[in-house]
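>>> Just to be clear, the model below is a prediction. Sequence and coordinates:
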Amino acid sequence: MPNIYKRKSLERVKWTEEQLKSAMSTVKDEGLSVRQAGKTYGIPRKTLERRKNEDHKKNWVQILLSELPMKTDWFGILKKCKKWISTY
């Protein structure tokens, strides 16, 4: 007999967006560790780590296209691409 799928509840998240923002601000501004901030605010450590590292994982092509002036400096763009690719 097959298993009957039971959908997970949408109430899995036990923290609010304000708690997350305040936890991230204490990590960035006050130098509190991610683990300690997670315990203090009741947010999983991996969630805080993922949100902390989100800025570094932006798509470099989208960043380049957003910074393109009307007259394009292709050599400058290639230098930025080389710098961003070397950081990954």
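Right, received. Where do you want to start? Residues are numbered from 1 along each chain as shown.

>>> mind checking the SS state of Val27?
Secondary structure, DSSP: H, G, I helix; E, B strand; the rest coil: Val27 is helix.

>>> Quickly note the distance from it to Ile43.
Per C-beta to C-beta, to the nearest Å, Val27 is found 11 Å from Ile43. (Glycine included, C-beta is placed from N, CA and C.)

>>> between these two, what contacts are shared?
Listed contacts common to Val27 and Ile43 are Ala37; contacts here mean C-beta atoms under 8 Å, 6 or more residues apart in numbering.

>>> how far away is Arg45 from Lys14?
Going from Arg45 to Lys14 by C-beta to C-beta gives 14 Å.

>>> which one of these two has more residues nearby?
Of the pair Arg45 and Lys14, Arg45 is the one with more neighbours under other C-beta atoms under 10 Å, namely 14 against 9.

>>> That one contacts Arg35, correct?
Yes. Contact criterion C-beta atoms under 8 Å: Arg45 and Arg35 qualify, at 5.4 Å.

>>> could you pull out the strands for this structure?
Along the chain, no stretch is classed among the strands by DSSP state E.

>>> Can you give me the domain assignment for this protein?
The record assigns the chain these domain ranges, following automatic domain parsing: 13-57, 58-88.

>>> Which stretch among the ones you listed is buried most, on average?
domain 13-57 (a mean of 13; mean count of other C-beta atoms under 10 Å).

>>> Pull the distance from it to the chain's centre.
10 Å (C-alpha atoms, centre = their mean, to the nearest Å).

>>> All set, thanks.
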